[in-house]
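Undergrad: With the input below, show me the fold.
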Amino acid sequence: MFKRILVAIDGSRTSQRAFESAIELAVTHGAVMQPYYVVESGPMYLDVPGYDPSTLHTSLMQQGASLATEAADAMKACDITGEVVTVEATASDDVASLITLVAKNFDADLLVMGTHGRKGFQRLILGSVAERCLRQATVPVLLIPTAASAPDDA
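TA: Modelled structure (predicted):
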């Protein structure tokens, strides 16, 4: 049923659970998978003596490289084909729009991503990347909730 799966990764536990779900689906369906990491470059200027915005940028790039390596290794271990993609967003880029555009360009037939469970006023004001992807997507979206990452209480 699913032959091309795009999974958004960001280093969070919820994202890791979404990646694991995408792996399971790719194995089950013999799908090609494309993990996708966006290095967000929000405002990196602060009027603080000694603050160096390149430190944060370098850290985010290193996280992306590390996640890409881990994802590629996990895919290889499960004999899943595909390429991990890491992109650097500009301050004006909308991450949800980037994800849905990549899903379209990859010709994905499923988008998998985690939610982060924003509630109330924060969700109202900020929205969520997952919710915006869900609204913009032209393919089925599998959302893995934050609760799915919680350890079992059994």
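Undergrad: Can you identify the element that follows the strand or helix carrying residue 5 toward the C-terminus?
TA: Using DSSP states H and E, residue 5 sits within strand 4-9. Remark: after strand 4-9, the chain's next helix or strand is helix 13-29, criterion DSSP H and E.
Undergrad: Return that next one as CSV; C-alpha atoms alone will do.
TA: Coordinates of each C-alpha in helix 13-29 appear next as CSV, following Å, rounded to 0.1, in the frame of the first residue of the first chain:
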residue,chain,number,x,y,z
ARG,A,13,11.6,11.4,21.6
THR,A,14,8.3,11.8,19.7
SER,A,15,10.2,12.2,16.5
GLN,A,16,12.2,9.0,17.3
ARG,A,17,8.9,7.1,17.8
ALA,A,18,7.6,8.4,14.5
PHE,A,19,10.8,7.3,12.8
GLU,A,20,10.5,3.8,14.4
SER,A,21,6.9,3.6,13.1
ALA,A,22,8.0,4.6,9.6
ILE,A,23,10.7,1.9,9.7
GLU,A,24,8.0,-0.7,10.6
LEU,A,25,5.8,0.5,7.8
ALA,A,26,8.7,0.5,5.3
VAL,A,27,9.7,-3.0,6.2
THR,A,28,6.1,-4.3,6.1
HIS,A,29,5.3,-2.6,2.7
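Undergrad: neighbouring contacts of that helix?
TA: With contacts defined as Cβ atoms under 8 Å, 6 or more residues apart in numbering, helix 13-29 is touched by 1-3, 5, 7-9, 31-33, 35, 71, 74-75, 78-80, 82, 110, 112-117, 142, 144-146, 148-149. For every residue, glycine as well, the C-beta is placed using N, CA and C.
Undergrad: Helices of the chain, start to end?
TA: 13-29, 53-77, 95-105, 120-126, 129-136 (DSSP state H).
Undergrad: Distance-wise, check the residue lying closest to residue 144 once chain neighbours are set aside relative to residue 55.
TA: Nearest non-adjacent residue to residue 144, counting by Cβ to Cβ, 6 or more residues apart in numbering: residue 18, 4.2 Å away. Using Cβ to Cβ, to the nearest Å, we find residue 18 at a distance of 28 Å from residue 55.
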